[in-house]
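Q: Got a sequence here, can you build the structure:
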Amino acid sequence: MPDGKGGALMVWSDSRNYGTNYDLYCQRVERYGQLGNPEPAITSVGDVKNDQGGFVKVVWSASYLDADPTYGITEYRLFRSVPGAALASALAAGRATTTDSDEAVREGKLLLVPNGAQVTSWEFVGSQTAETFASYSRIVATTADSVGGSNPRTYFLVEARASTSISSDRWSSAPDSGYSVDNLAPAAPAPLTGQYAAGTTQLHWNRNTEADLAGYRLYRGSNAAFVPGPANFVAQLPDTGAADAAGAPYVYKLTAVDVHGNESPVATLIPSGTLGVDGGATRAALSFAAPSPNPARGSATLRFSLSRAGAVRVNVYDAAGRCVATPVNGTLEAGEHSVAFALRDDAGRELPAGLYLARLEAEGRTITRRIAAVK
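A: Reported below is the predicted structural model:
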């Protein structure tokens with residue numbers, strides 16, 4: 001009987017060793033005359049970790065002919081399925097199709113392979129020389145990434161070839177599929193700055209550089225310890241600024257979001273005009289006072305409070321977002337702290353007049369203040 005791939009399944013009875021008793025035997029003889037199943041088999045199609053998505057690792061077991069002393073396989077060819085929309089576009093653009101894998105590889109045509117009552121389209125994506133290994137793998141681009149609502153799969157098949165000639169015997173694996181995932185979230189927006197006045201907070205931050213950035217999410221809370229979530233979500237923002245006419249001062253948290261739904265770490269802002277660090281105030285949370293004096297000539301005092309002991313860093317950025325100085329970098333005790341900043345960079349050079357941003361990083365949060373340097 002046919003095996004569905006151009007070969008046959010042969011069944012016979014044999015009683016030579018059993019007198020009047022007999023057994024039934026079955027053997028597949030595939031289309032090129034090999035016994036059994038010489039096709040390779042895809043064993044996994046898994047996401048490549050810690051990347052921006054778009055790739056999977058395809059692993060397949062070798063044909064049994066790819067072994068010493070047979071050396072019956074010269075190479076493996078890897079094909080990727082073509083989604084319906086992409087296929088329609090390719091055909092409309094005049095891309096040719098074929099049922100011969102050699103033409104598909106040599107001329108860049110789409111390979112048409114019957115799959116029951118349907119025909120699947122494939123495109124050649126790479127080859128692997130046979131080395132008599134037990135298995136092989138290759139990292140291949142996918143046609144789509146996983147998103148919040150679905151995991152669009154990309155299908156692959158592997159063809160083993162006895163030689164590179166046009167008349168070479170060839171065996172294709174069964175198709176298998178997997179999907180890729182964007183595992184990397186954007187960086188936290190920085191520096192985040194803001195000013196509260198007359199019921200409105202004006203916020204601004206530098207644009208993230210990730211190619212797959214979708215926008216920003218702004219959250220609002222009554223203290224720096226609030227956890228961003230649906231209850232305190234303010235807006236999804238496409239650009240690098242916002243005006244929140246909330247009528248009262250609040251603490252803000254901002255994240256960057258990519259097209260696959262990955263959300264960055266949080267940037268926290270207590271806007272100028274919202275909170276200060278007064279000598280007699282009761283410390284309840286991390287805070288960072290506006291630099292004094294401001295505008296500053298010669299030096300400025302940076303005052304901040306810590307709710308607990310830990311690592312603290314204060315960086316100063318110029319208007320282009322470059323870090324020019326680090327007045328504080330170490331472990332400090334809980335309580336109030338005051339640091340004199342001489343308006344010089346880390347190499348001791350005097351900073352030019354202009355607007356600078358001092359960013360406090362402590363307790364897993366950041367607070368940014370403006371410094372205007374004048375001559």
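Q: Do a quick rundown of the strands in the stretch 1-150 of the chain.
A: With strands called from DSSP state E, counting those that start in this stretch, the stretch 1-150 of the chain shows them at 8-14, 23-29, 41-47, 55-61, 75-81, 97-98, 110-115, 118-129, 135-141.
Q: Tell me which of the ones you listed sits most buried.
A: When those are scored by mean count of other Cβ atoms under 10 Å, the highest mean neighbour count falls to strand 75-81 (a mean of 22). To be clear about C-beta, it is placed using only N, CA and C from the backbone, and glycine gets the same treatment.
Q: what are the pairing partners of that one, and which direction each?
A: strand 118-129 (antiparallel), strand 154-161 (antiparallel) (DSSP bridges).
Q: would you turn those strands into TSV with mean pLDDT and distance to Val374?
A: TSV is the format used below for the strands paired with strand 75-81 (pLDDT from 0 to 100; distance: least, Cβ to Cβ, whole Å):
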stretch	mean pLDDT	distance to Val374
strand 118-129	92	61
strand 154-161	96	59
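Q: As TSV, those with distance to Val266 would be great.
A: Formatted as TSV, these follow (distance: least, Cβ to Cβ, whole Å):
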stretch	distance to Val266
strand 118-129	40
strand 154-161	34
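Q: Which one of those lies nearest to Arg170?
A: With Cβ to Cβ, the closest approach to Arg170 among those belongs to strand 154-161: 4.8 Å.
Q: and the closest one with strand 41-47, angle?
A: For strand 154-161 against strand 41-47, the angle by axes from the mean of the first three to the mean of the last three Cα atoms, to 10 degrees is 140 degrees.
Q: quick one, strand 154-161 and strand 135-141 angle?
A: 140 degrees.
Q: Give the buried residues for the longest helix anywhere in the chain.
A: Using DSSP state H, we find that the single longest helix of the chain is helix 84-92. Neighbour-count burial for helix 84-92, counted by 16 or more other Cβ atoms under 10 Å, picks out 87, 90.
Q: Touching that helix from outside, list them.
A: 82, 97, 110, 121, 143 (Cβ atoms under 8 Å, 6 or more residues apart in numbering).
Q: could I get those residues as CSV with distance to Gly4?
A: Formatted as CSV, these follow (distance: Cβ to Cβ, whole Å):
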residue, distance to Gly4
Val82, 23
Thr97, 22
Leu110, 23
Ser121, 20
Thr143, 28
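Q: just the CA coordinates of the longest helix of the chain, formatted as PDB?
A: Extracted as PDB, the C-alpha positions of helix 84-92 are listed here (Å, rounded to 0.1, in the frame of the first residue of the first chain):
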ATOM      1  CA  GLY A  84      -1.200  34.000   4.000                       C
ATOM      2  CA  ALA A  85      -0.900  37.800   3.900                       C
ATOM      3  CA  ALA A  86       2.800  37.700   3.000                       C
ATOM      4  CA  LEU A  87       2.100  35.000   0.400                       C
ATOM      5  CA  ALA A  88      -0.600  37.200  -1.200                       C
ATOM      6  CA  SER A  89       1.800  40.200  -1.300                       C
ATOM      7  CA  ALA A  90       4.600  38.100  -2.800                       C
ATOM      8  CA  LEU A  91       2.400  36.600  -5.500                       C
ATOM      9  CA  ALA A  92       1.000  40.100  -6.300                       C
END
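Q: Low-confidence ranges, the protein, go.
A: Where the chain drops to pLDDT under 70, the residues are 17-20, 116, 272-285.
Q: show me what contacts the residue lying closest to Ala319 once chain neighbours are set aside?
A: The shortest distance from Ala319 to any non-neighbouring residue, by Cβ to Cβ, 6 or more residues apart in numbering, is to Leu355 (5.4 Å). Contacts were defined as Cβ under 8 Å, 6+ apart; by that measure Leu355 touches 319, 370-373.
Q: re the thing from before, now the strands of the stretch 1-150 of the chain as JSON lines including distance to Arg313?
A: Formatted as JSON lines, those follow (distance: least, Cβ to Cβ, whole Å):
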{"stretch": "strand 8-14", "distance to Arg313": "72"}
{"stretch": "strand 23-29", "distance to Arg313": "68"}
{"stretch": "strand 41-47", "distance to Arg313": "34"}
{"stretch": "strand 55-61", "distance to Arg313": "35"}
{"stretch": "strand 75-81", "distance to Arg313": "46"}
{"stretch": "strand 97-98", "distance to Arg313": "60"}
{"stretch": "strand 110-115", "distance to Arg313": "55"}
{"stretch": "strand 118-129", "distance to Arg313": "46"}
{"stretch": "strand 135-141", "distance to Arg313": "38"}
